[in-house]
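Undergrad: what's the 3D shape of this:
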Amino acid sequence: MAALRRWFLLTGLLWVLWPAAYGAAQSLQALSAQLGTPDRQTQQNAIIALGMRSEPAALKVLAALEAGKLRVSTSGQVLIMGSDRKLRDAFSGSAVTPQGALSEPLVTNAIRRAVTLSVSQLQLRSNDLELRRAAAKVLAGGAPAEMEPAMRKTLAGERDPTVRKLLRLSLAQLDLTSEDARRRVGAVKVMNELGDPGLKPLLARLLEKKSDGSYLEPDAEVRAEAGAAVTSLERKELVFRVVRDLFYGLSLGSVLLLAALGLAITFGLMGVINMAHGEMLMLGAYSTFVVQNLFQRFAPGAIDYYLVAAVPVAFTTCLLVGMLLERTVIRFLYGRPLETLLATWGISLVLIQVVRLVFGAANVTVANPSWLSGNYELMPDVVLPYSRLATILFVAVIVAFVWYVLNRTTVGLQVRAITQNRRMARCVGIRTARVDMLTFGLGSAVAGLGGVALSQLGNVGPELGQGYIVDSFMVVVVGGVGNLFGTLYAAVGLGAINKLLEPVAGAVLGKIFVLGFIIMFIQRRPQGLFALKGRAAES
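TA: Numbering: from 1, shown residues only. Below is the predicted model:
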């Protein structure tokens with residue numbers, strides 16, 4: 001009897017340890033070659049054995065199998081087909097000529113599941129942090145029960161907080177299906193601690209009832225923990241949603257500020273209703289597109305820096321166009337707001353048509369540089385794109401630049417003097433015509449910088465500026481005509497209000513509410529948030 005028990009024990013150990021022994025006894029080349037066998041069991045054993053190997057080439061072979069790029073010849077060659085359709089040795093990477101007939105391993109659902117399991121095991125053991133994070137992220141979406149031992153072993157020695165968090169989440173989801181109520185309670189506590197609102201449906205299901213009135217979760221303690229966790233996650237979800245809406249409101253406000261900042265100069269300080277202001281945004285965006293194409297053609301190695309070069313190009317282009325418009329059209333229409341509105345509206349149509357003739361009517365794409373691609377996850381459901389963060393920072397720099405020009409330079413002093421009392425400024429020797437030209441050019445140049453930023457947020461087309469002109473006027477009027485900081489407060493405030501209203505009332509109804517608010521605000525305070533000071537304001 002004792003001999004029989006020893007025989008059963010030995011047989012069980014061999015059954016458990018067979019895949020490891022099987023994989024260790026064979027070379028990586030031989031194991032990989034078995035992936036091309038028509039026998040599914042042999043193929044699965046080879047996949048499992050590859051997942052236990054430490055060589056980096058094992059991960060490469062399994063990834064090629066999963067992608068459908070692995071080929072095995074009858075002579076035992078293991079080849080990977082590249083994007084150029086050329087076959088290369090899976091281990092050396094060199095191009096080779098196949099010896100014998102090639103076969104492509106058939107990847108069934110069972111094989112794909114085995115490959116995913118083995119790839120995740122290899123990635124979790126990798127020294128590459130990004131590979132470990134990628135594997136943990138995949139497992140957090142639903143790990144197979146067979147991965148539990150490997151995940152617990154990795155978690156014990158893992159130091160990266162992101163990988164640890166994802167592994168704990170994966171194990172908690174597995175524990176939630178355990179028959180042990182203690183493990184289910186622990187899983188609920190871990191999910192509550194991690195604070196991901198996406199787990200709320202999983203926990204809420206524990207509180208559901210069957211058709212006979214009994215709970216799906218039989219243990220009262222587990223239900224109590226689940227109820228507390230759902231309430232906690234709902235509060236966190238509300239906080240995350242408010243933070244997300246405030247960020248996107250700030251982002252929208254920064255875009256409105258970009259569009260309105262130049263208008264605050266031309267309309268606020270000069271009294272010119274410039275309906276062609278939106279087209280200055282468009283010219284700035286197309287200047288960025290032209291610079292991008294020049295870099296792609298003449299300096300492809302420095303393409304990541306095209307945006308830096310586009311800033312002075314867009315600024316100079318729109319400055320010259322604005323000064324030209326002021327000298328040829330606007331200077332004859334000062335003090336006649338209706339006529340400036342009609343004239344600049346005609347100019348906007350001309351500029352749109354010129355751009356259509358030069359660049360075509362279709363939208364063009366301005367690609368983000370590599371350093372502006374991607375995003376930063378501040379918290380669950382709150383993702384901050386680098387392009388939006390850069391736009392907010394860029395707006396801050398532009399506001400500081402305009403403030404410096406208007407408050408710390410001779411031209412700015414003259415602009416403020418003319419704004420307060422044009423006749424007196426002329427009497428003390430200020431060349432008002434020259435200052436008007438520079439001021440209109442500066443307003444147009446600032447709009448061109450706004451076009452550079454807008455080119456990073458979406459496609460560029462001939463009618464890019466049309467979507468911002470009305471909102472820009474509203475921002476300037478609410479902030480106070482001619483007041484720089486009033487424009488800043490109005491743009492950020494209206495952007496935040498608009499984004500906070502959208503989830504409640506919808507995009508269209510939210511816009512209507514904002515417009516109604518602006519109308520009532522102007523009725524009560526026609527001068528805006530900050531009234532213009534000086535004799536011009538009193539007249």
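Undergrad: how near is the closest residue to residue 100 other than its chain neighbours to residue 37?
TA: Nearest non-adjacent residue to residue 100, counting by CB to CB, 6 or more residues apart in numbering: residue 74, 3.6 Å away. Yep, even glycine has a C-beta here, placed from its N, CA and C like the rest. Separation of residue 74 from residue 37 (CB to CB, to the nearest Å): 11 Å.
Undergrad: quick one: the strands in the stretch 51-200 of the chain?
TA: Ranges of strands in the stretch 51-200 of the chain, per DSSP state E, counting those that start in this stretch, are 70-73, 78-81, 87-89, 102-103.
Undergrad: need those strands in TSV with mean pLDDT, can you?
TA: Shown next, in TSV, are the strands of the stretch 51-200 of the chain (pLDDT from 0 to 100):
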stretch	mean pLDDT
strand 70-73	81
strand 78-81	80
strand 87-89	80
strand 102-103	78
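Undergrad: returning to that earlier point: hmm, the residue nearest to residue 100 is touching residue 101, no?
TA: Yes - contact criterion CB atoms under 8 Å: residue 74 and residue 101 qualify, at 5.0 Å.
Undergrad: contacting residues around residue 462?
TA: Going by CB atoms under 8 Å, 6 or more residues apart in numbering, residue 462 touches 282, 352, 355-356, 359, 361.
Undergrad: that should have said residue 256, apologies.
TA: 468, 471-472, 475, 491, 494-495 are the contacts of residue 256 under CB under 8 Å, 6+ apart.
Undergrad: how many residues are close by residue 308?
TA: Summarising burial for residue 308: neighbours were counted as other CB atoms under 10 Å, giving 11.
Undergrad: among the contacts of residue 462, name the ones in helices.
TA: Of the contacts of residue 462, the ones assigned to helices by DSSP state H are 282, 352, 355-356, 359.
Undergrad: can you list the domain ranges for the protein.
TA: 17-125, 154-239, 240-367+376-532 (automatic domain parsing).
Undergrad: which one of these has the poorest average confidence?
TA: Per-stretch mean pLDDT for these is lowest at domain 17-125 (a mean of 74).
Undergrad: would you state the strands of the stretch 351-500 of the chain in chain order?
TA: Remark: strands assigned in the stretch 351-500 of the chain by DSSP E, counting those that start in this stretch are 375-379, 382-385.
Undergrad: buried subset of the contacts of residue 462?
TA: Those of the contacts of residue 462 that meet the buried threshold are 282, 352, 355, 359, by 16 or more other CB atoms under 10 Å.
Undergrad: and residue 74 and residue 101? which has more neighbours close in?
TA: Legend: neighbour count by other CB under 10 Å for residue 74 and residue 101, higher for residue 74 (13 against 9).
Undergrad: quick check: the gap between the more buried one and residue 42.
TA: 16 Å.
Undergrad: name the nearest residue to the spatially most central residue of the chain, ignoring sequence neighbours.
TA: Among the residues of the chain, the one closest to the centroid is residue 385, at 3.2 Å (CA atoms, centre = their mean). Nearest-residue entry for residue 385: residue 375, 4.5 Å, with adjacent residues in sequence omitted and distances by CB to CB, 6+ apart.
Undergrad: kindly export stretch 437-453 (C-alpha atoms) in PDB.
TA: The C-alpha trace of stretch 437-453 is given here as PDB (Å, rounded to 0.1, in the frame of the first residue of the first chain):
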ATOM      1  CA  MET A 437      -1.100 100.700 -37.700                       C
ATOM      2  CA  LEU A 438       1.100  99.000 -35.100                       C
ATOM      3  CA  THR A 439      -1.800  98.300 -32.800                       C
ATOM      4  CA  PHE A 440      -3.900  96.700 -35.500                       C
ATOM      5  CA  GLY A 441      -0.900  94.700 -36.700                       C
ATOM      6  CA  LEU A 442      -0.200  93.500 -33.100                       C
ATOM      7  CA  GLY A 443      -3.900  92.400 -32.700                       C
ATOM      8  CA  SER A 444      -3.600  90.500 -36.000                       C
ATOM      9  CA  ALA A 445      -0.300  89.000 -35.000                       C
ATOM     10  CA  VAL A 446      -1.600  87.700 -31.700                       C
ATOM     11  CA  ALA A 447      -4.500  86.100 -33.600                       C
ATOM     12  CA  GLY A 448      -1.900  84.400 -35.800                       C
ATOM     13  CA  LEU A 449      -0.200  82.900 -32.700                       C
ATOM     14  CA  GLY A 450      -3.700  81.700 -31.700                       C
ATOM     15  CA  GLY A 451      -3.800  80.000 -35.100                       C
ATOM     16  CA  VAL A 452      -0.500  78.200 -34.400                       C
ATOM     17  CA  ALA A 453      -2.100  76.700 -31.200                       C
END
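Undergrad: next up, the contacts around the closest residue to residue 219 other than its chain neighbours.
TA: Of all residues not flanking residue 219 in the chain, residue 181 sits nearest, at 4.2 Å (CB to CB, 6+ apart). Residues near residue 181 by CB under 8 Å, 6+ apart: 219, 221-222.
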